[in-house]
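Asks: okay, predicted coordinates and the sequence, questions at the end:
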Amino acid sequence: MWYFVLNSNCLLDNSGQQIEVHSVPLAIFRLQGKLYAFQAYCPHRMGRLGVVGLLDHPYLICSLHNWKFELQTGKNLQTSDHLRTYPIRESENQIWVQLEI
Ligand code: FES
């Protein structure tokens, strides 16, 4: 089911946010106009990716210890601790994510 996350103008290009949607913590990003949604916490030591995540297309880098993830898939380039990704879309100036809750 799709859930409203926030208004489009609250997520500028090349930025991220830590947000909770129906008790599901998420890290969402916009880079080069494209949206991405991940689990909120880095699998290494629980860094809050929406806060400490750096965007370097095509990667998301956790700035705490520099683990690197593919933006498109959440694949971790160092270990098999990948990020969970969520479908995300924008419609009529609103951002929505698809959650199974
Ligand atoms: S907490 Fe993210 S790399 Fe260590």
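Replies: Great, that's in hand. The shown structure was predicted, so the numbers you read here are calculated from the model rather than taken from an experiment. Residues are numbered from 1 along each chain as shown.
Asks: kindly report the residues of this protein close to the ligand.
Replies: Of all the residues in the chain, those in contact range of the ligand (C-beta under 6 Å from any ligand atom) are C42, H44, R45, G47, C62, L64, H65, W67. Any C-beta I mention is one placed from the backbone N, CA and C, and that applies to glycine too.
Asks: same list, those, but as JSON lines with pLDDT and secondary structure please.
Replies: Below are the residues of the chain next to the ligand laid out as JSON lines (pLDDT from 0 to 100; DSSP: H, G, I helix; E, B strand; the rest coil):
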{"residue": "C42", "pLDDT": "98", "secondary structure": "coil"}
{"residue": "H44", "pLDDT": "97", "secondary structure": "coil"}
{"residue": "R45", "pLDDT": "97", "secondary structure": "coil"}
{"residue": "G47", "pLDDT": "98", "secondary structure": "coil"}
{"residue": "C62", "pLDDT": "98", "secondary structure": "strand"}
{"residue": "L64", "pLDDT": "98", "secondary structure": "coil"}
{"residue": "H65", "pLDDT": "97", "secondary structure": "coil"}
{"residue": "W67", "pLDDT": "98", "secondary structure": "strand"}
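Asks: would you show me how to pick out the buried ones of those in ChimeraX?
Replies: For selection in ChimeraX, the members of these meeting the burial criterion (16 or more other C-beta atoms under 10 Å) are listed in this command:
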select :42,47,62,67
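Asks: quick check: bridge partners of Q39?
Replies: Legend: beta-bridge partners of Q39 under DSSP bridges are L26.
Asks: that one: neighbour count?
Replies: 17 (other C-beta atoms under 10 Å).
Asks: where does it land on pLDDT?
Replies: The pLDDT attached to Q39 in the predicted structure is 98.
Asks: what do you get for I101?
Replies: I101 is assigned 84 on the pLDDT scale.
Asks: so where do the helices sit in this protein?
Replies: Counting by DSSP state H, the chain has these helices, from start to end: 49-52.
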